[in-house]
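[1] Have a look at this fold, sequence not included:
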């Protein structure tokens, strides 16, 4: 049997690791500058824990914002938990990384999109992953980013 490199699965893990690192930094030091996050997740994922009224209001997908008011952000290898304010009501929630659909930081025009597609029944149940960088619709030119600027000196 021929082996192949599963780039989709490797990229999937790398992008979730990136989000884990970013959220860990925010949990330890707070949000720097104008950074804030729009995080969309699948509310039907078995590991998601949200209040019943939120589950009723968002039966399949929900987007939360980490910006001005959030507390108790805790990050693990599997996901994160946070308490957010909904109409002056603090609501704790647990969101596994596997439930994420998008992670966007509009302050720096950065975004990741995780899309899964159902495999045919005769194939295994591995997820397919499509990762895209969100672009500002007004902007027409692509931006090339050198990874050298992120390396420690």
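    Thanks, I have it. Just so we're clear, the structure is a prediction, and the values are computed from it rather than from any experiment.
[2] all contacts plus neighbour counts: C-alpha atoms, from now on.
    Noted.
[3] Helix or strand: which one has the residue nearest the centre of the chain?
    Closest to where the C-alpha atoms of the chain average out (C-alpha atoms, centre = their mean) is residue 103, at 3.9 Å. Per DSSP states H and E: residue 103 is located in strand 100-105.
[4] so what secondary structure elements neighbour that strand?
    strand 37-42, strand 110-115 (3 or more C-alpha pairs under 8 Å, 6 or more residues apart in numbering; DSSP states H and E).
[5] would you turn the ones you listed into TSV with distance to residue 96, mean neighbour count and mean pLDDT?
    Output for these, formatted as TSV (distance: least, C-alpha to C-alpha, whole Å; neighbours: other C-alpha atoms under 10 Å; pLDDT from 0 to 100):
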stretch	distance to residue 96	mean neighbour count	mean pLDDT
strand 37-42	9	20	93
strand 110-115	13	18	86
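[6] Tabulate the ones you listed (TSV), appending distance to residue 65.
    Formatted as TSV, the helices and strands packed on strand 100-105 follow (distance: least, C-alpha to C-alpha, whole Å):
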stretch	distance to residue 65
strand 37-42	5
strand 110-115	14
